[in-house]
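Asks: A structural model of the following input is requested.
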Amino acid sequence: MYDPETLAPPPRRLDAAAIRDKLVYAVGKDPEHATLHDWYLATALAVRDPLIHAWMASTRRVYRERRRRVYYLSIEFLLGRMLPETVHNLGLVADLEAALAELGLEPQVLFALEPDAALGNGGLGRLAACFLESMASQDMAGFGYGLLYRHGLFEQRLVDGHQVEEPEEWLTFPHPLLFARPEVSYPVAFGGTVEPGQDARGRPVRRWRPQRRVFAVAHDLPIVGMHGRGVVTLRLWQARSGERLDLQAFNRGDYLQAVQDQVIAESLTRILYPDDGTEAGRRLRLQQEYFFVSASMQDLLRRHLAFYDDPRSLPEAVIVQLNDTHPALAIPELLRLLVDEHGLEWDEAFAIVRRCFAYTNHTLMPEALERWPLRLMAELLPRHLELVFEMNARILGELRARPDNPDPFLTDVSMIDETGERYLRMGHLAFLVSRRTNGVSRVHGELLARTVFAPLHRHFPDRLLAITNGIAPRRWLAVAHPHLARLIDEAIGPDWRDDLERLAALEPLAGDAAFRERFAAARRLAKERLADRIAADTGLEVDPAALFDVQVKRIHEYKRQLLNLLELVALYLELREDPSRLPVPQVRILAGKAASAYRRAKLVIKLAHDIATVVNEDPVLDGRLRLVFLPNYNVSLAERIMPAADLSQQISTAGTEASGTGNMKMALMGALTLCTLDGANLELAAHIGRDNLFPFGLDIAGVERLWREGYHPEAAIAAQPALGAALAAIAGGLFSPDEPDRFRPLVDELRTTDRWLLTADFADYRRARQEVEALWCRPEEWWRRAVLSTARSGWFSADRAIREYASHIWEVPVVAPGSRIPPVPAAMAG
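Replies: Numbers count the residues shown, from 1 in each chain. Below you'll find the model as predicted:
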């Protein structure tokens, strides 16, 4: 009996026999001698059968209905472990638990054996992963493109508090849910020259004669949505050499020369974000980004032409979402393919390209917007540089022709930065050619309109909008916090997994003492699990009854982990004088990676380690104040830390954080939030209620006013004795007696410049922390607010965000039952 949706037999029931059969016939192991890892592989392969069944059904349905495809391009996808989410979304949790119990195994033990997929770094990649799962849950015709990194960003180890980067070995064993597609392979070219020529009809053309080629080989990862309703394919490209092994060199003993082409080619997908502090690193990074988009655009066109006869129908059938500027070279690459490979006239091809792309911006930092030296573009991608020049000239010509344009030069609009060495501005390229550009929170969109993209917004006032980020509720509540999820199921039913805004039904229960007690008990279980992890990783014993105060994110100066540490040092110095000062035991938990070349961020990690060494061993404190830095922060570690957070710290300098999603995750799981009014924190305040947050510090207007009037950090320090004492202790070597000046660069910057305004916000940060401590001493009120935090977090679902993209950017239908489309966001104010 074959399923008409897949033309394949339906998968067998997931039971102990199915897992045992996979162990024997797929893994090739005798059950008597199988390791836990063998059982993990067998379990994953047994789950894979119903996954493939849903995948084929979903794919056939999309093809049959000829839906418009959404191609989501992201240089990173921070997926985490795939098996737990897949089991949950296929509705197999109970079946798997029963099957493994019969085999004497535990799901969580096996799940822990899956390595995190090393395909991302921070919020950008995790957002991309959440969005693919949400597209699948709403049965959209989504398709992701990324790179299959062999070693990811890096595995972080701490050696005497110093971050040490080592390669992530996540593919030591083949991933059971990853499908190699060697038959799907495309050449990607670099270098060479561009020459004039003629096509078959005698028309003048430009012919690229590249210097070398590599091949992009596809690997597919199915991302299943809730109830198996839809499955989205994530296609990942791996680089392979276009040259065969040099057998002559090998036979004469020159083994390095024999394989050098393979080594050079495979470097393109070896690691994420090669260090671009050197010329070689910049070349590799540009080649990596072009390799990614060239393979993706070639594949997109092939897939389109397999069902449509003409590339001219592309805008009606396809929308390409660029997740930040890393994939922006997809624009000239698609133009090149249409003109050079498919013979379209330039004007016609450019009109098609301008209707196919949309661009998501993720930063307010001008220095974080990518730009590439034109000399490097000319060397590696000479044809694309020609196309960029022509696109730029045509767009600037259109603007000059407008009667309301007073500027004949338009230097601030041009894709080319002409100041000093000439650069291609990737943000300008993406904005100018895309049909829509969006920020990732309301305030981020407003700031883009009047700062980073102000010149572009003046000329294209209807192009920019804001869609606030969201998180996948299946991953970040049902999977990450199963005890709390079960409690919610018992209280209001399971439909919140499809529609997170149904959590609002919990709000009346915030006043129910019995429910608050059960809510606190569910969270206590998560804290006990984290305490066990802390003990295993660091050897430090922490009390689950203490306030778990969490700041976990990429280590960067604007995220202000240093502010947290400064306040802790000030508190520590006061406790040494008066141990009764601390009203509640607290454990401050930090985690995050610093970019390998970011020395100041790595120095902050070392400072956290050295402070922890002193504070955690001081007998005067009797364990009531603890500081923990957990190494190698990734999705799996986040799933252990975030459910246990009592307090979520989101303390970036106002006007620097585009959105943030860690704030949403911890609020959803019942943490209260200590925050600046920055990024999506403003929307947390609007939806959860400002009374249920602990806001502090300068707002965006206050920051702008302070810099406009002139800020002098030394005066702020002089007015705050506790801050001055903390800085003196750090600079004087209290925490680094072996090297007293170790942290002086951090202190000197705060005393002279303080770009991120830690000294300006320090006093109000302390005030807000005192409010936190006072509320923790009133547990009835703390847990009432915690329940409200969960109940009011439904708006922050990735499902809501994806519906906004579908309606306001992609123009595709939302087919999930009961989906609600939010109103169109207003264009950003100029």
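Asks: I'd say Asp685 and Pro695 touch.
Replies: Check again: residue 685 is Ala, not Asp. Yes - Ala685 is within contact range of Pro695, at 6.7 Å (criterion: C-beta atoms under 8 Å). Where C-beta positions appear, they are placed from N, C-alpha and C, glycine not excepted.
Asks: Compare those two and say which one has the larger neighbour count.
Replies: Pro695 (20 against 17; other C-beta atoms under 10 Å).
Asks: what about the strands in the stretch 251-400 of the chain?
Replies: 318-323, 357-360, 371-373 (DSSP state E, counting those that start in this stretch).
Asks: what do you get for the stretch 501-650 of the chain?
Replies: For the stretch 501-650 of the chain, applying DSSP E, counting those that start in this stretch gives strands covering 547-552, 586-591, 625-630, 647-650.
Asks: Give me the distance from stretch 385-401 to the chain's centre.
Replies: Relative to the chain's own centre, stretch 385-401 is displaced by 33 Å; criterion: C-alpha atoms, centre = their mean, to the nearest Å.
Asks: Next: stretch 300-311.
Replies: 31 Å.
Asks: and it, what's its mean pLDDT?
Replies: Across stretch 300-311, pLDDT averages out at 94.
Asks: likewise stretch 271-284?
Replies: Average pLDDT, stretch 271-284: 89.
Asks: what does that stretch contact?
Replies: 75-76, 118-121, 147, 149-154, 167, 267-268, 285, 288, 372-373, 376, 380, 595-597 (C-beta atoms under 8 Å, 6 or more residues apart in numbering).
Asks: Restrict those to the buried ones and give me that as a PyMOL selection.
Replies: With 16 or more other C-beta atoms under 10 Å as the criterion, this PyMOL line picks the buried residues out of the contacts of stretch 271-284:
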select buried, resi 75+76+118+119+120+121+147+149+150+151+152+153+154+267+268+285+288+372+373+376+380+595+596
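Asks: can you tell me which of the contacts of stretch 271-284 are in helices?
Replies: 285, 288, 376, 380 (DSSP state H).
Asks: tell me which of those is nearest to Leu757?
Replies: The shortest gap between Leu757 and any of those belongs to Arg285, at 31.2 Å (C-beta to C-beta).
Asks: could you dump the strands of the stretch 501-650 of the chain to CSV with mean pLDDT and distance to His219?
Replies: Output for these, formatted as CSV (pLDDT from 0 to 100; distance: least, C-beta to C-beta, whole Å):
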stretch, mean pLDDT, distance to His219
strand 547-552, 98, 30
strand 586-591, 98, 29
strand 625-630, 98, 31
strand 647-650, 98, 36
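Asks: pretty sure Arg516 contacts Arg785?
Replies: No - using C-beta under 8 Å, Arg516 is not in contact with Arg785, being 10.1 Å away.
Asks: who touches both of Ala685 and Pro695?
Replies: Leu677.
Asks: buried residues in the longest helix anywhere in the chain?
Replies: When the chain is scanned for its longest helix (criterion: DSSP H), the result is helix 36-65. The neighbour-count check on helix 36-65 (16+ other C-beta under 10 Å) flags 38-48, 50-59, 61-62 as buried.
Asks: ditto for stretch 342-353
Replies: For stretch 342-353, burial by neighbour count (16+ other C-beta under 10 Å) applies to 344, 346, 349-350, 352-353.
Asks: Now render those as CSV, adding pLDDT and distance to Thr451.
Replies: Compiled in CSV, these are given as follows (pLDDT from 0 to 100; distance: C-beta to C-beta, whole Å):
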residue, pLDDT, distance to Thr451
Leu344, 96, 37
Trp346, 96, 34
Ala349, 98, 33
Phe350, 98, 29
Ile352, 98, 32
Val353, 98, 27
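Asks: May I have stretch 570-590 exported as CSV, CA atoms only?
Replies: What follows is stretch 570-590, C-alpha atoms only, in CSV (Å, rounded to 0.1, in the frame of the first residue of the first chain):
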residue,chain,number,x,y,z
ALA,A,570,31.7,46.9,43.6
LEU,A,571,29.3,44.5,45.4
TYR,A,572,32.2,42.2,46.4
LEU,A,573,34.2,45.1,47.8
GLU,A,574,31.3,46.2,49.9
LEU,A,575,30.7,42.7,51.2
ARG,A,576,34.2,42.4,52.3
GLU,A,577,33.5,45.4,54.5
ASP,A,578,30.0,44.3,55.6
PRO,A,579,29.1,40.6,54.7
SER,A,580,25.5,41.3,55.7
ARG,A,581,25.1,43.7,52.7
LEU,A,582,23.9,40.9,50.4
PRO,A,583,20.2,40.3,51.0
VAL,A,584,19.9,37.2,48.8
PRO,A,585,22.3,34.5,47.6
GLN,A,586,22.9,34.9,43.9
VAL,A,587,24.8,33.1,41.1
ARG,A,588,25.8,35.2,38.2
ILE,A,589,26.1,33.1,35.1
LEU,A,590,27.9,34.3,31.9
